[in-house]
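Novice: Next one to model:
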Amino acid sequence: MKIKNKIIIILGPTASGKTDLGIFLAKKYGGEIVSADSRLVYKGLDIGTAKPLKDNPNNKEYIVSGIPHYLIDCCSPKNPFNVAVFKNKAIWRLREIIKRKKLPFLVGGTGLYLDAISKNLSFPGIIANQSLRDALEMKDMPDLIKEYQSLDPLGAKNIDINNKRRLIRAIEVCRLTGKPFWESRKTEEPIFDCLKIGIPTEKEILLERIKQRVDKMISSGLQREAFKLIKRHGLIPPLQTIGYQEWANYINKNLSEKDISEIKEVITNNTFKFAKRQMTWFKRDKDIHWTDNKNQITKLINNFINK
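Specialist: Sure thing, here's the model as predicted:
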């Protein structure tokens with residue numbers, strides 16, 4: 001098997017089945033998985049991120065169904081983690097897997113993280129302007145969204161509009177450079193030869209899967225996990241995301257069944273909107289092979305690694 005500098009990318013919107021497919025293929029090809037998910041990196045954010053369960057909770061290595069996973073549970077929520085940090089860590093890990101003659105699978109739904117590796121994106125080295133950030137922090141989300149839409153219309157279609165930290169950073173770069181945020185990212189010579197496989201999902205099917213996932217999260221103790229994290233850390237950036245932010249206004253209240261039902265509906269709607277933005281991002285990439293047929297995927301991978 002010829003795997004020099006070759007990686008397989010498994011992508012798709014949230015709840016599309018990336019984790020299961022990645023594990024199936026890693027078992028079939030003797031591979032290992034690097035996660036490309038911007039929330040799975042954080043320790044303690046388990047239920048709300050649908051983090052795959054380790055085979056052995058006491059094992060330092062993150063092994064799921066016998067397959068080593070990397071860049072999961074690798075960072076405290078209190079520590080900054082961004083695409084530049086991800087890129088450095090992921091490149092090191094992918095090269096290390098290849099060096100051991102294993103086939104690396106990059107699995108996730110964070111489009112910018114995936115592009116950082118597959119397109120070798122470089123990012124603007126703009127030093128943070130704290131006074132500007134403080135001023136932007138005082139604004140509410142609708143005003144931030146409106147400003148970013150005026151500064152960078154294309155980028156505004158793809159950014160996670162629920163993530164205030166990312167919105168502020170995008171506006172900051174636009175203001176300081178005078179250019180749209182997305183234009184400030186440059187594509188350089190690729191490091192890896194990538195095969196991209198996307199899992200296609202009809203909207204109706206995806207919405208039903210999201211509903212089932214949120215139901216499972218609630219029954220598994222998402223409320224308890226969210227309250228515990230918010231009380232411990234406050235509403236820090238990693239908790240200003242879907243699955244956690246929806247509980248913030250209820251932190252000191254006794255929730256009724258109606259309250260929980262309403263929160264569940266909001267999480268479901270926010271997740272579905274997020275999944276649609278993910279698909280908008282992915283559809284720009286013409287190199288993605290969209291299929292969930294395992295026989296077809298196997299043929300694609302065999303041709304790729306043996307060419």
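Novice: where does Ile10 fall, phi/psi-wise?
Specialist: For Ile10, the backbone dihedrals (degrees, to the nearest 10) come out as phi -110, psi 120.
Novice: so it makes contact with Phe105?
Specialist: Yes: judged on Cβ atoms under 8 Å, Ile10 makes contact with Phe105 at a distance of 6.1 Å. Where C-beta positions appear, they are placed from N, C-alpha and C, glycine not excepted.
Novice: shared neighbours, these two?
Specialist: Residues touching both Ile10 and Phe105 by Cβ atoms under 8 Å, 6 or more residues apart in numbering: 22, 25.
Novice: how about the spatially closest residue to Pro238 that is not a sequence neighbour, what does it touch?
Specialist: Excluding the flanking residues, the one nearest Pro238 by Cβ to Cβ, 6 or more residues apart in numbering is Pro77, at 4.4 Å. If a contact means Cβ under 8 Å, 6+ apart, then Pro77 has 42-45, 229, 233, 236, 238-239 as its contacts.
Novice: Likewise for Thr14?
Specialist: Neighbour list for Thr14: 50, 109, 210, 271, 274-275, 278 [criterion: Cβ under 8 Å, 6+ apart].
Novice: of the residues you listed, closest to Asp37?
Specialist: Nearest to Asp37 among the contacts of Thr14: Gly109, at 6.4 Å, using Cβ to Cβ.
Novice: quick one: low-confidence parts of the stretch 101-250 of the chain?
Specialist: The model of the stretch 101-250 of the chain has pLDDT under 70 over residues 124-126, 183-186.
Novice: Helices along that one, start to end?
Specialist: Per DSSP state H, counting those that start in this stretch, the stretch 101-250 of the chain carries helices over the ranges 111-118, 130-137, 141-151, 153-156, 164-177, 203-219, 222-233.
Novice: Same question for the nearest residue to Ile242 once chain neighbours are set aside, what's its three-state structure.
Specialist: Closest residue to Ile242 apart from its sequence neighbours, by Cβ to Cβ, 6+ apart: Asn270 at 4.7 Å. Under the three-state scheme (DSSP: H, G, I helix; E, B strand; the rest coil), Asn270 adopts helix.
Novice: Report pLDDT for Asn270.
Specialist: Note for Asn270: predicted pLDDT of 95.
Novice: ok, it - contacts?
Specialist: If you count contacts by Cβ under 8 Å, 6+ apart, Asn270 has them with 162, 242, 246.
Novice: Let's have the residues you listed in TSV, adding neighbour count and distance to Asp140.
Specialist: Formatted as TSV, the contacts of Asn270 follow (neighbours: other Cβ atoms under 10 Å; distance: Cβ to Cβ, whole Å):
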residue	neighbour count	distance to Asp140
Asn162	18	13
Ile242	23	18
Glu246	21	17
